[in-house]
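> sharing a model that was predicted from the sequence below.
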There are 2 protein chains.
Amino acid sequence: MTYSIKTVSQKTGLSIYTLRFYDKQGLLPFVSRDASGYRAFTDGDLQLLHTICCLKDTGMKIRDIREYVACVMKGPRSIPQRKHLLQAHRHAILAQQAALQRNLQEIDMKLIIYESPVAAKIVGQELTAIQAEKTANHLPNPFQEVND
Amino acid sequence: MTYSIKTVSQKTGLSIYTLRFYDKQGLLPFVSRDASGYRAFTDGDLQLLHTICCLKDTGMKIRDIREYVACVMKGPRSIPQRKHLLQAHRHAILAQQAALQRNLQEIDMKLIIYESPVAAKIVGQELTAIQAEKTANHLPNPFQEVND
DNA sequence: GTAAACCCTAGATGACGCTCTAGGGCAACC
DNA sequence: GGTTGCCCTAGAGCGTCATCTAGGGTTTAC
């Protein structure tokens, strides 16, 4: 059983364009062609493609995914290198998660203010303060006049 | 006290180019100019810039950050809209986190295999299986010959 | 045998977020 | 007043990823 590029597109959510682009970028060297030169994806190919999507969706660059895929093509003797690549990427993901968490907390703080009954008062005071800073430094006030 | 673009660059880690680019994109309408036309950042401006970085670093598009900043410029009466924008973005971040976590788990599974003492055996079997799929479908074998 | 619905490649185009260049002004110091 | 080191704008260029176009082959069904 093999799958056409259209079927794979539907199964993965990647567009046909993207699949062909990945192939052109050297991400799919394991996909064979049939007698007409059409790509024929096997189930094993789909699993590998899934791994590629995992890496891509966690921010790995195509260049680095290509390197990982090249390792896979080389067979078991590339395991140390694969391990090294994935461990480095794992650390990158952990850093991403930590940064996301920090930024989320700051955004949540903003939301808490906006949801507070005195939000308008707090925001108004901040606005006044930043405008005061400008005038204290003889700078033009870039804020529109607000009367509320 | 105000800060030059160079100082702000050093304080934030954003390049001078990026700061000017953000200004050009309408992200810094609150930054005043001094008598010479130079940008003069106040402490309040830096706080706002920090919020902008939070949004950018969590994947918000410049277009959407511009919209949020425009709200800030409008004062307290834009609070409902700001709340709406941030809540939508909050959900986007939560989705990102969930996806990241799922993908990390898959990568960790790969790493567990690679760190196992029978890694070579497992990987070799996977390779054999995917090659068998190809030949079963009369497809060329895209894998290099490996003898180890 | 022809129409419809696939598939292919090469290369252009686009979106996005910067980054850099060219040309020029301002401020301070020797 | 010249040099140094900032600052400015407009617009070109770039890296990355993805999408689309043009031109053409294949397969299936009528």
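Cool, got the structure. Numbering: from 1, shown residues only, chains lettered A, B, ... in the order given.

> check contacts around residue A:60.
A:68, A:89, A:92 (C-beta atoms under 8 Å, 6 or more residues apart in numbering or on different chains). Yep, even glycine has a C-beta here, placed from its N, CA and C like the rest.

> what about stretch A:56-74, average pLDDT?
If you average the pLDDT over stretch A:56-74, you get 97.

> report the buried residues of that stretch.
Neighbour-count burial for stretch A:56-74 flags A:56, A:58, A:60, A:64, A:65, A:66, A:68, A:69, A:71, A:72, A:73, A:74 (criterion: 16 or more other C-beta atoms under 10 Å in any protein chain shown).

> so which elements touch whichever strand or helix holds the fourth one?
If you go by DSSP states H and E, residue A:64 is part of helix A:62-74. With contacts taken as 3 or more C-beta pairs under 8 Å, 6 or more residues apart in numbering or on different chains; DSSP states H and E, helix A:62-74 sits against helix A:43-57, helix A:79-115.

> please identify the deepest-packed of those helices.
helix A:43-57 (a mean of 18; mean count of other C-beta atoms under 10 Å in any protein chain shown).

> do that one and chain B meet?
Yes. Counting by C-beta under 8 Å from any C-beta of the partner chain, chain B is contacted by helix A:43-57 at A:43, A:44, A:45, A:48, A:51, A:54, A:55, A:57.

> same list, these, but as a markdown table with distance to DNA strand C please.
Listed next are the residues of helix A:43-57 next to chain B as a markdown table, based on distance: C-beta to the nearest atom of the strand, whole Å:
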| residue | distance to DNA strand C |
| --- | --- |
| A:43 | 17 |
| A:44 | 17 |
| A:45 | 12 |
| A:48 | 16 |
| A:51 | 21 |
| A:54 | 22 |
| A:55 | 20 |
| A:57 | 17 |
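
> closest to residue B:124 among the residues you listed?
residue A:44 (13.7 Å; C-beta to C-beta).

> can you tell me how far the nearest residue to residue A:99 once chain neighbours are set aside sits from residue B:106?
For residue A:99, ignoring the flanking residues on the chain, the nearest one in space by C-beta to C-beta, 6 or more residues apart in numbering or on different chains is residue B:57 at 6.3 Å. Residue B:57 sits 24 Å away from residue B:106, going by C-beta to C-beta, to the nearest Å.

> out of the residues of helix A:43-57 next to chain B, who's nearest DNA strand D?
residue A:57 (8.7 Å; C-beta to the nearest atom of the strand).

> isn't that closest one up against residue B:99?
Yes. Here residue A:57 reaches residue B:99: they are 6.2 Å apart, a contact under C-beta atoms under 8 Å.

> contact distance from DNA strand D - what residues of chain A qualify?
Contact residues, chain A versus DNA strand D (C-beta under 7 Å from any atom of the strand): A:14-15, A:17-18, A:20-22, A:34-37, A:56, A:61-63.

> under a three-state scheme, what state does the nearest residue to residue A:92 once chain neighbours are set aside occupy?
Spatial nearest neighbour of residue A:92, excluding adjacent residues (C-beta to C-beta, 6+ apart): residue A:59 at 6.8 Å. The three-state label given to residue A:59 by DSSP: H, G, I helix; E, B strand; the rest coil is coil.

> residue A:59 contacts residue A:95, correct?
No. Using C-beta under 8 Å, residue A:59 is not in contact with residue A:95, being 10.1 Å away.

> and residue A:141, how many neighbours does it have?
Residue A:141 is flanked by 13 other residues according to other C-beta atoms under 10 Å in any protein chain shown.

> what's near enough to touch it?
A:131, A:134, A:135, B:32.

> just the element for the third one, please.
When you say that, I think you mean residue A:135. Per DSSP H and E: helix A:119-136 holds residue A:135.

> distance between that helix and the chain's centre?
Remark: helix A:119-136 is offset 36 Å from the chain centroid, using C-alpha atoms, centre = their mean, to the nearest Å.

> C-alpha coordinates for that helix, CSV please?
Taking Å, rounded to 0.1, in the frame of the first residue of the first chain, the C-alpha atoms of helix A:119-136 are listed here in CSV:
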residue,chain,number,x,y,z
ALA,A,119,-8.8,48.8,35.5
ALA,A,120,-9.8,52.2,34.0
LYS,A,121,-8.3,54.0,37.0
ILE,A,122,-5.0,52.1,36.8
VAL,A,123,-4.6,52.4,33.0
GLY,A,124,-5.5,56.1,33.2
GLN,A,125,-2.8,56.6,35.9
GLU,A,126,-0.2,54.8,33.8
LEU,A,127,-1.2,57.0,30.8
THR,A,128,-0.9,60.2,32.9
ALA,A,129,2.5,59.1,34.2
ILE,A,130,4.0,58.4,30.8
GLN,A,131,2.6,61.7,29.5
ALA,A,132,4.1,63.5,32.5
GLU,A,133,7.5,61.9,31.7
LYS,A,134,7.3,63.4,28.2
THR,A,135,6.5,66.9,29.4
ALA,A,136,9.1,66.7,32.1
